[in-house]
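J.: predicted structure and sequence below. I'll ask about it afterward.
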Amino acid sequence: MSLLTQSLWVLLLGSLLGLELIGKVPPTLHTPLMSGANAISGITVLASLTLIQQAGDNTALLVIGALSLGFALYNVIGGFLVTDRMLAMFRRKGDSR
């Protein structure tokens, strides 16, 4: 079995496991879970940048690095926006931002 095939199996099984676990999380735990996901995405950003730096002339690695960087940044920025929106619910009516 090639490395690519093994990697795709890990991705598939990890995705299915993650989908199953996230579906069973009660709503009160979504915020702490999201904070952990943002921390992991921060690590993914660093790994993506390292992959892009070391890819050299390998186009496939550059594309994979760019895609992973885009998805990780999307997740981090979305997490910050959702957290900001959640914290806004706890502000008093007269308080400015």
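T.: Sure, I can see it. In this text the structure is predicted, and so the values were computed from the model without any measurement.
J.: contacts, neighbours, all on C-alpha from now
T.: OK.
J.: so residue 66 is in contact with residue 52, correct?
T.: Yes. The criterion here is CA atoms under 8 Å, and residue 66 meets it with residue 52 at 7.1 Å.
J.: okay, those two: which has more neighbours?
T.: Neighbour count, other CA atoms under 10 Å: between residue 66 and residue 52, residue 52 has more, with 20 against 17.
J.: how close does that one get to residue 11?
T.: 20 Å (CA to CA, to the nearest Å).
J.: one more: residue 49?
T.: 20 Å.
J.: how about residues contacting stretch 56-76?
T.: Identification of contacts with stretch 56-76 by CA atoms under 8 Å, 6 or more residues apart in numbering yields 38, 41-42, 44-45, 48-49, 51-52, 55.
J.: can we see that at 6 Å?
T.: With contact meaning CA atoms under 6 Å, 6 or more residues apart in numbering, stretch 56-76 is reached by 38, 41, 45, 48, 51-52, 55.
J.: restricted to buried residues, select these in PyMOL.
T.: Filtering the contacts of stretch 56-76 down to the buried ones (16 or more other CA atoms under 10 Å) takes a single PyMOL command:
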select buried, resi 38+41+45+48+51+52+55
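J.: report the lowest-confidence entry in the contacts of stretch 56-76.
T.: Of all the contacts of stretch 56-76, residue 38 carries the smallest pLDDT score, 75.
J.: excluding residues flanking it in the chain, which one is nearest that residue?
T.: Leaving aside its sequence neighbours, residue 38 sits nearest to residue 76 (CA to CA, 6 or more residues apart in numbering; 5.3 Å).
J.: let me know the pLDDT of the one you found.
T.: You'll see residue 76 listed with a pLDDT of 84.
J.: starting at the chain centroid, how far to the longest helix anywhere in the chain?
T.: Counting by DSSP state H, the longest helix found in the chain is helix 59-88. When C-alpha coordinates are averaged (CA atoms, centre = their mean, to the nearest Å), helix 59-88 and its chain have centres 6 Å apart.
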